[in-house]
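> 3D model of this:
(one chain, ligands or ions: 1)
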Amino acid sequence: MTSWDYKQQALVIYIETEYGQQDITWQRFTSTGPQAFLPLTGNHGSIVWYHSPDEVNRLKALSHDELKYELTAAFPSALGHITRVLGTASFALKRQHAQAYVKPGVALVGDAAHMINPLAGQGVNIGLLDAAALCEVLVDAVKQGRDFSSLVVLKQYENMRRKENLKMMTVMDVFYQVFSNEILPVKFLRNLGLGLAERILPAKNIVMRNAMGLEGKLPKLARGESIV
Ligand SMILES: Cc1cc2nc3c(=O)[nH]c(=O)nc-3n(C[C@H](O)[C@H](O)[C@H](O)COP(=O)(O)OP(=O)(O)OC[C@H]3O[C@@H](n4cnc5c(N)ncnc54)[C@H](O)[C@@H]3O)c2cc1C
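Down below sits the predicted model:
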């Protein structure tokens, strides 16, 4: 594994809200880390508050009522009133990448192979693409009567996915650096880039297709093709 810690942790807070939630996720980037509000069923939501480890420890030590007060102060009132904090959990944010995904008879997929910064919600996408690529390679091997657990076969899966995952991890690191930066020229370029991406439709479509896992070298299952 190649691995290092980010200077942020994520505090996940399970809340009860005054109104029923819609199917909309809200997220904003601040220099101390993103703040996200994710809908759950009924009058429930999940907040992900990225911050420095010290601040996450301070917030975690608060009572649920005190934490509700801090959330009300830090999150926009347009998101609706939080009636209760129901629970919390915290996660240290790590970047971790296996140098090899496979050995004879063994293949790593998903977070076992790679952990990326969750700021753009890409972890599950790339894990599913791993699973799709592995299925494709295994089914092909079986069809050709080859030993599907052999290193030669499993290496095909690694070749399909490791470089693609590294690319996504690197893009997330650029986002992390750019959004946690308060240096004025960096802020200016960031806002300019976001403004252009929002206004130029083809650019926006490229960003969205990448975020939805619809670009790059995709396994057949992700392209809607059959593998059997
Ligand atoms: C704060 C935070 C927010 C995130 N937000 C998003 C998001 O918005 N969108 C997104 O796509 N991704 C997000 N992610 C990333 C996402 O959660 C992971 O990429 C995804 O859960 C990985 O799935 P997985 O199945 O590979 O691994 P895991 O979800 O880690 O599942 C592995 C499972 O194996 C079990 N296990 C471990 N060891 C053993 C054992 N020896 N025997 C049996 N079972 C075992 C574990 O208990 C666990 O249930 C976020 C991550 C964090 C930390």
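> for this structure, what spans make up the strands?
Per DSSP state E, the chain carries strands over the ranges 2-17, 26-30, 33-39, 44-51, 82-97, 102-103, 106-107, 114-115.
> any idea which helix is longest in this protein?
When the chain is parsed with DSSP state H, its longest helix is helix 151-179.
> from the chain's centre, how far out is that helix? Work that out for me.
In this view, helix 151-179 has its centroid 13 Å away from the chain centroid, taken as C-alpha atoms, centre = their mean, to the nearest Å.
> likewise for stretch 183-198?
Here the centre of stretch 183-198 is set off from its chain's centre by 22 Å, with C-alpha atoms, centre = their mean.
> if I look at residue 193, how far off is residue 86?
Residue 193 is 38 Å from residue 86, where distance means C-beta to C-beta, to the nearest Å. Glycine gets a C-beta too; all of them are placed from N, C-alpha and C.
> for the residue nearest to residue 180 when sequence neighbours are not counted, give me its contacts.
Leaving aside its chain neighbours, residue 180 sits nearest to residue 31 (6.0 Å; criterion: C-beta to C-beta, 6 or more residues apart in numbering). Residue 31 is in contact with 179-182, counting by C-beta atoms under 8 Å, 6 or more residues apart in numbering.
> and those, which are buried?
By neighbour count, with 16 or more other C-beta atoms under 10 Å, the contacts of residue 31 hold 179-180 as buried.
> show me the two of the contacts of residue 31 that sit farthest apart.
Largest separation among the contacts of residue 31 by C-beta to C-beta: 179 and 182, giving 10.2 Å.
> would you mind naming what in this structure lies close to the ligand?
Residues of the chain lying close to the ligand (C-beta under 6 Å from any ligand atom) are 10, 12, 48, 91, 110-111, 118, 121-125, 127.
> repeat that for 5 Å
10, 91, 110-111, 118, 121, 123-124, 127 (C-beta under 5 Å from any ligand atom).
> CSV for these, including neighbour count?
Converted to CSV, the residues of the chain next to the ligand look like this (neighbours: other C-beta atoms under 10 Å):
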residue, neighbour count
10, 21
91, 14
110, 15
111, 15
118, 17
121, 13
123, 17
124, 12
127, 19
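> narrow these to those in helices?
Using DSSP H, the residues of the chain next to the ligand in helices are 123-124, 127.
> looking at the residues you listed, spot the one nearest the ligand.
Comparing these against the ligand with C-beta to the nearest ligand atom places residue 123 closest, at 2.3 Å.
> gap between the closest one and residue 94?
Distance, residue 123 to residue 94, by C-beta to C-beta: 12 Å.
> now do residue 70
Noted for residue 70: a distance of 25 Å to residue 94, by C-beta to C-beta.
> what does residue 17 give?
Separation of residue 17 from residue 94 (C-beta to C-beta) stands at 30 Å.
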